[in-house]
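below are the sequence and a predicted model for it; my questions follow.
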Amino acid sequence: MGIGGGIITKKSLFVALLISSLSLMGIAGASASDVGAAQTQAVNNSTAYNLIINQTANNTLQTNTKSTTQAVANSTIKSTNNSQTQQTTVNTSVSSQKQYAAAGETKTTINSTSFTVSQITDAAARVKAYIETNHVLPNYVTIGTTQVKMPDFLRLLTAGLLQLNNGTTTKITLKTVAAPAQSSENITSGNIYKSDYVDLAKRVKTFIDANGITPNYANTNLGKLRYESLIYTYSKILNYYQTNKALPNYVSVKAWSTVTSAVSQARPVYITSDYINGATTDTNRINAIVNGLKALGINAYNAGLGANTHYSVLQNTNVPANALIVDVYGGADAGVIYEMGQSYYKKLVGTRKVFCVWMAPSSVNITGLAWLPRAHDDNYSPASFTGLAHPDQYLLNNGYNYIYSGDLNAVIAAIYKQATT
């Protein structure tokens, strides 16, 4: 017998055929009963919202996943995958309905990368801040060198919360989780108390681990809380823990549409005006701006008319710390602009914002102006003060924006932008 050759007897031929048949039956069995259906998620190709967090991370391996929908412990959790929607509700136990692939295996990546609860709470603080600043869910948060997408982060959030509640410190493994094709919400603003948000975290994590996909929504005592709201809610809870080293007694929730609305987060606007065209005309102008902003959903107020209202409004303790102060001028006063860069003025401003409106054509356009001389009626600046070089750059360098326009619609639009950004 040469290499790779030889005589096959009838007995050995029968054994070979038997082994071959058993092998084929084993393959068919894996395909028919244990293989999950493929889940495809659309990738958002819009601008990635990046969050950088300096932490540490590792690598990846793979494990099988099943495409199922489950309802857990008297509360429905729903997930939609592409065009197919499934929903199961149970009262006392977990139920599962499997989907089967025609052939092959669907696998979800499970990373050997793991994070401490401290890393996760730090990331939660960054995500919370990002959402509240940009009114949108980031695409991912970077922990160390690992970009953690939001579906994956929801699992880390719920797992981290459960460990904090149980007093355990085991590192939590990062798993790749699919996002729902769509999400829905029907929530009443209110509070979710600790026992309820811990129970919700258990149900959400169980669902994710069983299905490899985040739920579209989860039922709470306030109604249906959508996928994005779950991320924001648990980011707030873990952010609280990071600051206070204890879980909060409750967390406040509101509709995601409210969280993402720039108007709902807008600064209240307080408008002052110098004397420009007479008391009646000037007051009517303030009121027209106020009404225009209110029509856009902004809380706006007439803060007074007069030569010093731009200063007295900052001394008014009833004006909130997050207010936008809008000062309307008929002339560009070098002394007033110079004052805005001084430390005593900035201390009065505090966390408020100040925006200047110079009405055309009454005022000088300071944009690109090389020198703005001292005003003829300036009786408040030092005697040595003769004027201000590049007043536009002086304002911008000190953190103030302005507009020069005679179009009230343009003025209202500019104020709206300042109030909502």
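Done, it's in.

for stretch 355-369, how far is the first residue from the last?
19 Å (C-alpha to C-alpha, to the nearest Å).

ok, stretch 251-263 next?
Start-to-end, stretch 251-263 (C-alpha to C-alpha) is 22 Å.

list the buried residues in that stretch.
Of all the residues in stretch 251-263, those buried under the rule 16 or more other C-beta atoms under 10 Å are 251, 253-256, 259-260. To be clear about C-beta, it is placed using only N, CA and C from the backbone, and glycine gets the same treatment.

do stretch 164-180 as well
Neighbour counts over stretch 164-180 (16+ other C-beta under 10 Å) mark 164-165, 172, 174-180 as buried.

just the ones of the buried residues of stretch 251-263 in helices?
If you go by DSSP state H, these have 256, 259 in helices.

looking at the buried residues of stretch 164-180, which one is closest to residue 137?
Lowest distance from residue 137 to the buried residues of stretch 164-180 (C-beta to C-beta) belongs to residue 179, with 10.2 Å.

where's the spatially closest residue to the closest one that is not a sequence neighbour, which helix or strand?
Distance criterion C-beta to C-beta, 6 or more residues apart in numbering; nearest residue to residue 179, sequence neighbours excluded, is residue 151 at 4.4 Å. In the assignment (DSSP states H and E), residue 151 maps to helix 150-166.

any idea how far residue 384 lies from residue 335?
The spacing between residue 384 and residue 335, counted by C-beta to C-beta, to the nearest Å, is 12 Å.

repeat for residue 326
For residue 326 relative to residue 335 (C-beta to C-beta), the value is 20 Å.

which of the two has more neighbours?
Set residue 326 next to residue 335 and count neighbours by other C-beta atoms under 10 Å: residue 326 wins out with 29 against 18.

so that one, which of the three states?
Using DSSP: H, G, I helix; E, B strand; the rest coil, the structure places residue 326 in strand.

would you agree it is in contact with residue 357?
Yes: counting by C-beta atoms under 8 Å, residue 357 is a contact partner of residue 326 at 6.2 Å.

what do the two both touch?
Overlap of the contact sets of residue 326 and residue 357 (by C-beta atoms under 8 Å, 6 or more residues apart in numbering) consists of residue 415.

let me see the contact set for the residue nearest to residue 179.
Contacts of residue 151 (C-beta under 8 Å, 6+ apart): 177-179, 213-214.

what of residue 328?
Residue 328 touches 271-274, 276, 282, 285-286, 289, 357, 359, counting by C-beta under 8 Å, 6+ apart.

from those residues, pick the one nearest residue 312.
Ranked by distance to residue 312 (C-beta to C-beta), the contacts of residue 328 are led by residue 272 at 8.2 Å.

confirm that closest one sits in a strand?
Yes: the assignment for residue 272 is a strand, going by three-state DSSP.

pretty sure it contacts residue 307?
No: counting by C-beta under 8 Å, residue 272 does not reach residue 307; the two are 10.2 Å apart.

tell me where the stretch 301-421 of the chain has helices.
Along the stretch 301-421 of the chain, counting by DSSP state H, counting those that start in this stretch, helices occupy 309-315, 334-339, 343-349, 391-397, 408-420.

against which helices or strands is the second one packed?
In other words, helix 334-339. Helix 334-339 sits against strand 371-373, strand 387-389, helix 391-397, with contacts defined as 3 or more C-beta pairs under 8 Å, 6 or more residues apart in numbering; DSSP states H and E.

next, the buried residues of the last one.
Along helix 391-397, the positions that meet the burial threshold by neighbour count (16+ other C-beta under 10 Å) are 391-392, 394-395.

quick revisit: between residue 272 and residue 307, which has more neighbouring residues?
It is residue 272, of residue 272 and residue 307, that has more neighbours when counted by other C-beta under 10 Å, with 23 against 12.

what residues are up against the more buried one?
So residue 272 contacts 286, 303-306, 309-310, 313, 325-328 (C-beta under 8 Å, 6+ apart).

tell me where the stretch 101-250 of the chain has helices.
Under DSSP H, counting those that start in this stretch, the stretch 101-250 of the chain gives helices at 117-134, 150-166, 194-211, 227-244.

looking at those helices, spot the one closest to residue 348.
helix 117-134 (24.7 Å).

of the contacts of residue 272, closest to residue 240?
Taking C-beta to C-beta as the measure, residue 240 lies nearest residue 325 of the contacts of residue 272, at 31.5 Å.

ok, what's across the strand from the closest one?
Taking DSSP bridges as the rule, residue 325 bridges to residue 270, residue 354.

residue 281 versus that one, what's the distance?
22 Å.

ok, these two, which is more surrounded?
Between residue 325 and residue 281, counted using other C-beta under 10 Å, the more crowded position is residue 325 (22 against 11).

does the more buried one touch residue 319 like I think?
Yes: taking C-beta under 8 Å as the definition, residue 325 is a contact partner of residue 319 at 7.5 Å.

pull up the overlap in contacts between these two.
With C-beta under 8 Å, 6+ apart, residue 325 and residue 319 have common neighbours 270, 303, 313, 352.

before we move on, the earlier item: pLDDT and distance to residue 127 for the buried residues of helix 391-397 - can I get that in JSON lines?
Shown next, in JSON lines, are the buried residues of helix 391-397 (pLDDT from 0 to 100; distance: C-beta to C-beta, whole Å):
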{"residue": "391", "pLDDT": "98", "distance to residue 127": "40"}
{"residue": "392", "pLDDT": "97", "distance to residue 127": "37"}
{"residue": "394", "pLDDT": "98", "distance to residue 127": "37"}
{"residue": "395", "pLDDT": "98", "distance to residue 127": "34"}
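
make CSV from these and add distance to residue 411 to it.
As requested, the buried residues of helix 391-397 are arranged in CSV below (distance: C-beta to C-beta, whole Å):
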residue, distance to residue 411
391, 19
392, 17
394, 22
395, 17
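
I'd like the average pLDDT over stretch 162-179.
Stretch 162-179 shows a mean pLDDT of 96.

count the neighbours of residue 279 for me.
For residue 279, the count of nearby residues is 12 (other C-beta under 10 Å).

tell me how many other residues crowd residue 186.
Residue 186 has 12 nearby residues by other C-beta under 10 Å.

isn't it right up against residue 224?
Yes: Residue 186 is within contact range of residue 224, at 4.6 Å (criterion: C-beta under 8 Å).

who's in contact with the residue positioned nearest the centre of the chain?
For the chain, the residue sitting closest to the mean C-alpha position, by C-alpha atoms, centre = their mean, is residue 131 at 2.2 Å. Residue 131 makes contacts with 137-138, 232, 235, 259, as judged by C-beta under 8 Å, 6+ apart.
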